[in-house]
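[1] sequence and predicted structure are below.
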Amino acid sequence: MWELVKAGGWPMLPLLLLGVLALAIVLERFWSLRRNEVLPPGLGEEVRNWAARGKLDASHIASLRANSPLGALLAAALEARNRPREQIRERIEDTGRHLVHRMGRFLNALGTIASAGPLLGLLGTVVGMIQMFLGILDHGVGDVNQLAGGIGKALVCTATGMIVAIPALMFHRYFRGRIDGYVIEMEQEASALLDSLDGRPAVMAAAKGVAAQKPAATAKA
């Protein structure tokens, strides 16, 4: 293994560093994007029960925001619960954009590694081929077997770049898909909470009061 690393030359060093960085990002994202950490089971139903019972003090909302990304989204809706539904939805969408950005942390770096790995490997191969042909220019072809071995060693960088890039690309797409799935489920929970807020007795009473005032105003006219 060490002989192959030496054969690849100096471009092997950044390739190995990119490989280690990609592995660290993948492990960190697996840990941070666990389902229980993003969408704690039963949290949406618990928050809807809070809303139905009217137990929505500041401490509950603050603890909910720090609970998880889903909790932060539902807390944003609860903070704007006394506003019209469209304004609550705008608050949810704004908070959702921030949460998607936070869940996608380091994924741009992973995508960059997937793109840069093959290019850096190709650069190493080209540099190795140039050095080999310069040697042929100075000393002649010599042994054909030795020439073939030199070409094989020059291609080590290309192979290493592919080994780094292919898993990085696969995990980048995988994490993007997982985040998209989480976003859809979070939107469903937020919509269910909005429906629950619309069905609260206080909200319904206010709506009936507005409806009762309209006929009275019409009769006066």
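    Here it is on my side, so go on. Numbers count the residues shown, from 1 in each chain.

[2] where does this structure have low pLDDT?
    Where the chain drops to pLDDT under 70, the residues are 1-9, 55, 135-150, 152-153, 199-221.

[3] apply 50 and report the result again.
    Residue ranges of the chain with pLDDT under 50: 201-221.

[4] which residue ranges of it form helices?
    2-8, 12-32, 35-38, 43-53, 58-65, 69-79, 85-103, 107-139, 144-154, 156-198, 201-220 (DSSP state H).

[5] next, format these as a markdown table and append mean neighbour count.
    Every residue, glycine included, has its C-beta placed from N, CA and C. Converted to a markdown table, the helices of the chain look like this (neighbours: other C-beta atoms under 10 Å):
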| stretch | mean neighbour count |
| --- | --- |
| helix 2-8 | 14 |
| helix 12-32 | 16 |
| helix 35-38 | 14 |
| helix 43-53 | 16 |
| helix 58-65 | 14 |
| helix 69-79 | 22 |
| helix 85-103 | 15 |
| helix 107-139 | 16 |
| helix 144-154 | 13 |
| helix 156-198 | 18 |
| helix 201-220 | 10 |
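
[6] what's in contact with stretch 83-99?
    Outside stretch 83-99, the residues that touch it by C-beta atoms under 8 Å, 6 or more residues apart in numbering are 69, 72-73, 76-77, 79-81, 183, 186-187, 190, 194, 197-198.

[7] list the contacts of Thr160.
    8, 12, 15-16, 19, 121, 124.

[8] what's the farthest-apart pair in those residues?
    Maximum pairwise distance in the contacts of Thr160, criterion C-beta to C-beta, is 13.5 Å, between Gly19 and Gly124.

[9] still on that earlier bit, closest to Met170 among the contacts of stretch 83-99?
    Among the contacts of stretch 83-99, and counting by C-beta to C-beta, the member closest to Met170 is Val183, at 20.7 Å.

[10] and the gap between that closest one and Gly177?
    11 Å (C-beta to C-beta, to the nearest Å).

[11] do Ala190 as well
    The spacing between Ala190 and Gly177, counted by C-beta to C-beta, is 21 Å.

[12] tell me the centre residue of the protein?
    Gly104 (2.2 Å; C-alpha atoms, centre = their mean).

[13] kindly list the main-chain dihedrals of that one?
    phi -90, psi 20 (degrees, to the nearest 10).

[14] contacting residues around the closest residue in space to it that isn't next to it in sequence?
    Leaving aside its chain neighbours, Gly104 sits nearest to Ile179 (5.9 Å; criterion: C-beta to C-beta, 6 or more residues apart in numbering). Shown in contact with Ile179 (C-beta under 8 Å, 6+ apart): 33, 100, 103-104.
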